[in-house]
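**Student:** Generate coordinates for the sequence data below:
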Amino acid sequence: MNDESLTTINELVETIDAGRLHATASRDMRAAIQQAEEVAERQGVGKVKVTVTLTLDVMHSGDVDVSGDVKIVAPRVKHPKARVFVADATTGTLAARDPRQGELLPVRSATKETGAVRVAGGTGNSDNVRSLTPNKKPD
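**Tutor:** Next up is the predicted model:
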């Protein structure tokens with residue numbers, strides 16, 4: 001063996017395309033790790049998968065052609081599901097509310113102090129809250 005022996009996979013990868021494969025893969029891996037960190041903040045973990053493929057074509061003459069590829073898979077943010085419903089199967093339209101379900105009644109609550117039943121409206125402001133019990137005389 002001479003001083004120019006290639007004895008590690010890293011040394012071999014650095015020879016492909018004058019080191020461009022190694023440089024590009026290293027840059028892409030760093031970017032994937034940054035993306036994994038962002039995903040980990042939202043989901044607890046971000047996984048990066050790096051696959052290195054080397055092909056060595058060994059000739060009878062003793063020459064070896066080396067080619068390689070590096071595939072890096074960065075994590076993606078997983079978005080939660082949304083439940084929608086088929087509104088019309090013939091047209092393929094969807095609906096946010098189940099068309100098989102009837103209209104929902106307004107939310108009602110009874111106050112502990114007066115026993116008055118209150119109905120909450122849609123916007124949440126006090127103008128949409130009304131009493132369903134007749135006026136009660138104060139004690």
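
**Student:** buried ones in the lengthiest helix in the chain?
**Tutor:** Of all the segments of type helix in the chain, defined by DSSP state H, the longest one is helix 20-43. Within helix 20-43, the residues that count as buried by 16 or more other C-beta atoms under 10 Å are 21, 22, 25, 28, 32, 35, 36, 39. Where you see a C-beta, it was placed from the backbone N, CA and C, and this is true even at glycine.

**Student:** Over to stretch 70-85?
**Tutor:** Buried residues in stretch 70-85 (16+ other C-beta under 10 Å): 70, 72, 74, 75.

**Student:** any idea which element the first one lies in?
**Tutor:** Right, the one you point to is residue 70. Counting by DSSP states H and E, the element that carries residue 70 is strand 64-73.

**Student:** Describe which strands that strand pairs with in its sheet and in which direction.
**Tutor:** Sheet partners assigned to strand 64-73 using DSSP bridges are listed as strand 49-58 (antiparallel).

**Student:** now the strand it pairs with, how far from the centre of its chain.
**Tutor:** 30 Å (C-alpha atoms, centre = their mean, to the nearest Å).

**Student:** ok, residue 116 touching residue 108?
**Tutor:** No. Look at residue 116 against residue 108 with C-beta atoms under 8 Å: they stay out of range, at 10.6 Å.

**Student:** neighbour-wise, which of these two wins?
**Tutor:** residue 116 (15 against 10; other C-beta atoms under 10 Å).

**Student:** measure that one to residue 69 for me?
**Tutor:** Between residue 116 and residue 69 the distance, using C-beta to C-beta, to the nearest Å, works out to 74 Å.

**Student:** Residue 90 too?
**Tutor:** Separation of residue 90 from residue 69 (C-beta to C-beta) stands at 48 Å.
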